[in-house]
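> Got a sequence here, can you model it:
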Amino acid sequence: MPRYLPVLALALACCSGAGAAAPRARDLGVPFDGTPGPLNAITDVAGVTVGQVTLIEDLADGRKVRTGVTAILPRGRATLTTPSYGAWFALNGNGEMTGTAWLEESGQLEGPVMLTNTHSVGVVRDAVIAWRVRAGGADASGYWWSLPVVAETWDGDLNDINGFHVRAEHAWRALDSAQGGAVAEGNVGGGTGMICHEFKCGIGTASRRLTQPGQDYTVGVLVQANYGLRDTLRIAGVPVGQEIRDERIYSGADPAAGDTGSIIIVIATDAPLLPHQLKRLAKRAGLGLARMGSFAGNGSGDIFIAFSTANAAALGGGRLVQSTSIGNDYLDPFFAATVEATEEAIVNAMIAARDMQGNAGHHAMALPHDRLVALLKRYGRYTPRH
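Just a heads-up that it's a prediction; the model follows:
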């Protein structure tokens, strides 16, 4: 007899479109500043690929698996051999992102960015090293020196987090299946069991196009959102959390608890930015988070990472290299784009999420679309999509 008798089939969902019938925030009339890219996703930055594995299973002993892995590859398959300039920033550090000491020291992101649940960081980190070794290209000894970047948020309310259901093969599947194109959002990948502002949440993405003299650039953002209190939630300036106060929104919520969630924000751009400039970009993600009503509470892990796909030739390992960069005086549009795309990515995560029954009888209700639209109209913030 098999160890587990699943009631729900185990879902292994790789990177794919969210589905034609799945609305996003703009489809519901939520207004945003800025001009998105064609996909309104992090994959609008050329070369960036995303892979996701979603694990949903009801076990025979009553435990419920609601978790997964998301992989972001800055240069697609070339991520194996060519680093990217990068930087990170912790708005509040009650969370984990591995590999940041070397990222801070070197200014280089050497590999993918992986997202998963808090107790699966170790297995995903080790899996990335094994993936890189298996791909070849190391020295004659077969040795690869690697400090992978793996970040987490806590899904232990909906997921049997201490069951350690994420395994190395799930991380490999996410990496090997990573592709460009539309990115699935909501209850997928590392965001499968996540909750934000006491509504079901998860993975979300958005982008902004910037027209500069002689060159167009893109800033893309992907979030794994699991933060925030209900009362502070604002969408397009509307106090949604104060208007929608149903007690059954999240059955595991403690009214006396503070903000003990987390969010990981990944920022990509094709603009030639150097590590110190990418650090400045990463900091601006916090302003997009603030637009949603977050105050980055004491118990929250709000950790951001930014990378640039430009300057590939300078990162090829040469002795003397030259990098180009945008002057600091011209960075304001990139700061604004980061704020705008971060805000929209979080709202997209909430809109795409669906109600979820999870572990230990916990239930998370998704943000009701009809009530959101009614509030946008009542507050004069509804913008119909043409």
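> quick one, phi psi at V321?
Dihedral pair for V321: phi -130, psi 160, per degrees, to the nearest 10.
> Assess the claim that it and A314 are in contact.
Yes: with contact defined as CB atoms under 8 Å, V321 and A314 form a contacting pair (4.1 Å). Bear in mind the C-beta positions are built from the backbone N, C-alpha and C, glycine included.
> out of the two, which sits in the busier spot?
A314 (17 against 11; other CB atoms under 10 Å).
> Can I get the longest strand seen in the chain in PDB? Just the C-alpha atoms.
Counting by DSSP state E, the longest strand found in the chain is strand 215-226. The C-alpha atoms that make up strand 215-226 are tabulated as PDB, following Å, rounded to 0.1, in the frame of the first residue of the first chain:
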ATOM      1  CA  GLN A 215      16.900  53.300 -25.900                       C
ATOM      2  CA  ASP A 216      13.900  51.700 -24.300                       C
ATOM      3  CA  TYR A 217      14.300  49.700 -21.000                       C
ATOM      4  CA  THR A 218      12.100  47.400 -18.900                       C
ATOM      5  CA  VAL A 219      11.800  46.900 -15.200                       C
ATOM      6  CA  GLY A 220      10.100  43.700 -14.100                       C
ATOM      7  CA  VAL A 221       9.000  42.600 -10.700                       C
ATOM      8  CA  LEU A 222       8.000  39.200  -9.200                       C
ATOM      9  CA  VAL A 223       6.700  38.900  -5.600                       C
ATOM     10  CA  GLN A 224       6.000  36.000  -3.300                       C
ATOM     11  CA  ALA A 225       3.600  37.800  -1.000                       C
ATOM     12  CA  ASN A 226       2.800  36.600   2.500                       C
END
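> Check which residues of whichever helix or strand comes after that strand are buried.
Note on strand 215-226: by DSSP states H and E, the next helix or strand toward the C-terminus is helix 240-243. Across helix 240-243, burial judged by 16 or more other CB atoms under 10 Å covers V240, G241.
> re earlier: gap between the longest strand of the chain and the chain center?
9 Å (CA atoms, centre = their mean, to the nearest Å).
> Run through the neighbouring helices and strands of the helix or strand containing A290.
Secondary structure assigned from DSSP H and E places A290 in helix 275-291. On a contact count with 3 or more CB pairs under 8 Å, 6 or more residues apart in numbering; DSSP states H and E, helix 275-291 meets strand 84-93, strand 215-226, strand 262-269, strand 301-308, helix 332-352.
> Give me the angle between the last one and strand 262-269.
With axes from the mean of the first three to the mean of the last three CA atoms, to 10 degrees as the criterion, the two stretches helix 332-352 and strand 262-269 enclose an angle of 130 degrees.
> swap in the first one?
Strand 84-93 and strand 262-269 are oriented at 160 degrees to each other (the same axes, to 10 degrees).
> Parallel or antiparallel, which strands does strand 84-93 pair with?
strand 108-109 (antiparallel), strand 301-308 (antiparallel) (DSSP bridges).
> helices or strands next to the helix or strand following it in the packing?
Sequence-wise, the next helix or strand downstream of strand 84-93 (DSSP H and E) is helix 100-106. With contacts taken as 3+ CB pairs under 8 Å, 6+ apart, helix 100-106 sits against strand 84-93.
> quick one: buried residues of the strand it packs on?
Buried residues in strand 84-93, counted by 16+ other CB under 10 Å: S84, Y85, G86, A87, W88, F89, A90, L91, N92.
> Same check on stretch 266-280?
By 16+ other CB under 10 Å, the buried positions in stretch 266-280 come out as 266-275, 277-280.
> ok, back up a step: deepest-packed of the strands paired with strand 84-93, please.
strand 301-308 (a mean of 28; mean count of other CB atoms under 10 Å).
> how about that one as CSV, C-alpha atoms only?
The C-alpha trace of strand 301-308 is given here as CSV (Å, rounded to 0.1, in the frame of the first residue of the first chain):
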residue,chain,number,x,y,z
GLY,A,301,10.6,39.4,6.6
ASP,A,302,10.6,42.0,3.8
ILE,A,303,13.6,41.1,1.6
PHE,A,304,14.3,42.4,-1.9
ILE,A,305,16.8,41.6,-4.6
ALA,A,306,17.5,43.4,-7.9
PHE,A,307,19.6,42.4,-10.9
SER,A,308,20.5,43.7,-14.3
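> tilt between it and strand 215-226?
Going by the same axes, to 10 degrees, strand 301-308 makes 160 degrees with strand 215-226.
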